[in-house]
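Visitor: fold the following for me, if possible:
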Amino acid sequence: MDSGERRRVGLIYDKRMKKHFDIEDVKHPESADRIQKIWDKLKDSGIAKRCTVMGGKEAKDEHISLVHNRKHIDFIKSISSKEEKFWKEMAKKYNSVYFNQGSSEAAYISAGCVIEVAEKVAEGELDSAFAIVRPPGHHAEPNQPMGFCLFNNVAIATKYLLDKRADLGIKKILIVDWDVHHGNGTQKMFWKDPRVLFFSVHRHDFGTYYPCDEAGSHKMTGEGAGKGYNINVPWEHGGCGDADYLAVWDHVLIPVAKEFGPDIILISAGFDAAIGDPLGGCCVSPHGYAVMLNKLLEFAGGKIVMALEGGYDKVSIANSVQACMEVLLQQKPIIGSSEAYPFESTWRVIRTVRKTLSSFWQSFSERLPVKITSMSSPYIQVVSSDSEDEYNTFSNRVSQHLEMDIENVIQPFSDLKVNDGTGITSQASNNFHTWREEHSKIDIWYATFGSNMKLSRFLCYIEGGQVEGMRKPCIGSLDKSKPKEIKWESFSHRLFFAREHTATWGPGGVAFLHPECNSDEKAYLCLYRITLEQFNDVLLQENTSSFDMNYPLFDMTDLQSIEERKCVPVEAVKNGWYRNVLYLGKENGIPILTMTCQLSDVDNFISGKVGMCKPSKEYANTLIRGLVEGKQLSEEEATTYIQEAASRAL
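Guide: This next block holds a predicted model:
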């Protein structure tokens, strides 16, 4: 297209989609304000005036049935005619969805909007388009809603162009899913279809990040005729930003797009990898999204349809959409760059993806030069054993300057360096040295009731590394000295398991100790005599993947008051699962501390707001081995102890 010719860009929006909302949680992240904020931003900036603006219309059942079965369609259609009790019961049945009287209409309009603009772009009436839609769609599977999604909007539009509008000459479609979560539903719908190249870049965290399964693995490449046409780029952790995404574009997506030669591109445009998003924990800037989109304009004659998926920081999502619209309109040149490099893990993922798919795509047959992959920033990862869930964030800031964004993320890790084998030292501030020096002189007993009862497992938190069954390594403590003593004691507290997965062990419940003492209960705990400094490092790793350790999580003042208070909440990791330090008494004059949930969490477990769940096989086996190796119980007794703890109601 002549650069002087004005691009015809469609913009579709319908306020009726705002009628879908969570009747029980007005602060639900997938709220109606998301699309309202975007629409207001595009109007106020004058961008909407430069577009062909359209109102939505409902999709037809015959088109939705191209990817969803009849039972699912009938269910979504019936929602609005039901009552509140039905909505609540159905919401519990499915994974991370809600319903109300506006859900049916919103779902049909959302799907209809994407079909409408996809058809107009395919026909040539529009050069490109953006569909401001909700509920999102890429998690919705053929037979069920999930992950805030009711109908799979992009998948429906894709099948519509291929199967219902063959006259338009659309024979190959590239779907780019840059939402921070894996597009599991879309993947299933085109698993065997070579006409569709599905590309998803997402947080995976070795299968522990939502949707918490292996579907997002790089090993999932398609089946039958579709083998090789499913490409997953799974991040190992949060914190990924512009440099990481653009490295994937340059070395995975762009090369394979050239080989595939799509006739049109549909983007599942989720913006929850953006800076400040409360769920994503990544840090892509509006500029980063603009560059990614601009690189795709060279394909399919610039025929691109963007459909909104996730994105839950209202300011960040609006700014990111505006940046993308400016690209589609070719309103502003793409300027600016950053000195930041991708994480080391990013290159590892890229190499693995290319190797896995090298037999399908010629562009992946050659190894990347070392001079490219050596340009990386270290990601010093503090891995949570049992605490890091979807809602923990790596960054919760919205910034206007890309280079500052990248610097803010990289700097805490750049300040860390490995010394002559004794551990990691920091140059961040005098506070760092001062508190560590003071806390290294104080001993405590750390009482463990979960997988840390097994010594080799606990030493991962001290020395770093991982043992069999763990999905991720631990970074360890700065002081890698082994415990001075090890003892076993039983306490009048209840061991139980709740939540649905752990970052270390995968799907399955997390071990907790009831914060309140009960003389009828008996829990076996292994006590490690370590320093208060080491305890802080363990407390960090149990709760979060990032924290400014210039200051301790649990300080001398907390230690001096805990005997009277009995427990101290750790405010700095309030989203962590072990955010409550519990006092269990003294042993030889030294305080015994453990970490567990708060009483409010127990209330949520009892009410069912957060479910109880048995531990995974690997996790349970580690607990059993710890009890046996500690000579507390026989293997049969230990197995019974864990099984009873996992099955008894609170």
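
Visitor: which residues of the protein score low on pLDDT?
Guide: For the chain, applying pLDDT under 70 flags the ranges 1-5, 332-339, 377-433, 545-549.

Visitor: for it, longest helix please?
Guide: Among the segments of the chain that qualify as a helix by DSSP state H, the longest is helix 103-123.

Visitor: buried stuff in it?
Guide: Residues of helix 103-123 classed as buried by neighbour count (16 or more other CB atoms under 10 Å): 103-122. Every C-beta, even on glycine, is put in place using the N, C-alpha and C of the backbone.

Visitor: now do the strands in the stretch 351-500 of the chain.
Guide: 416-418, 424-426, 443-448, 486-491, 495-498 (DSSP state E, counting those that start in this stretch).

Visitor: now for the ones you listed, which one comes closest to Ser376?
Guide: Nearest to Ser376, of all these, is strand 416-418, at 15.2 Å by CB to CB.

Visitor: from Lys258, how far out is Glu298?
Guide: Counting by CB to CB, to the nearest Å, the separation of Glu298 from Lys258 is 9 Å.

Visitor: helices or strands up against the longest helix of the chain?
Guide: strand 9-12, strand 52-54, helix 61-64, helix 70-78, strand 128-131, helix 153-159, strand 264-269, strand 304-308 (3 or more CB pairs under 8 Å, 6 or more residues apart in numbering; DSSP states H and E).

Visitor: of all those, which lies closest to Ala649?
Guide: helix 70-78 (31.1 Å).

Visitor: just the CA trace of the closest one, in PDB.
Guide: Backbone C-alpha positions of helix 70-78 (Å, rounded to 0.1, in the frame of the first residue of the first chain) are rendered in PDB as follows:
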ATOM      1  CA  ARG A  70     -24.600 -27.500  20.500                       C
ATOM      2  CA  LYS A  71     -24.800 -28.100  24.200                       C
ATOM      3  CA  HIS A  72     -22.400 -25.200  25.000                       C
ATOM      4  CA  ILE A  73     -24.200 -22.800  22.600                       C
ATOM      5  CA  ASP A  74     -27.600 -23.600  24.200                       C
ATOM      6  CA  PHE A  75     -26.100 -23.100  27.700                       C
ATOM      7  CA  ILE A  76     -24.700 -19.700  26.900                       C
ATOM      8  CA  LYS A  77     -27.900 -18.700  25.200                       C
ATOM      9  CA  SER A  78     -30.000 -19.700  28.200                       C
END
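
Visitor: and the contacts of that helix?
Guide: 61, 64-65, 90, 103-104, 107-108, 142-145, 150-151 (CB atoms under 8 Å, 6 or more residues apart in numbering).

Visitor: then stretch 55-68?
Guide: By CB under 8 Å, 6+ apart, the surrounding residues in contact with stretch 55-68 are 12-14, 16-17, 73, 77, 105, 108-113, 115-116, 133, 140, 142-143, 151-152, 155-156, 159-160, 163-164, 189.

Visitor: can you give me the strands in the stretch 501-650 of the chain?
Guide: 501-502, 506-507, 510-513, 523-531, 567-569, 580-587, 590-596.

Visitor: any idea how far the longest one is from the chain center?
Guide: From the chain centre to the centre of strand 523-531 is a distance of 32 Å (CA atoms, centre = their mean, to the nearest Å).
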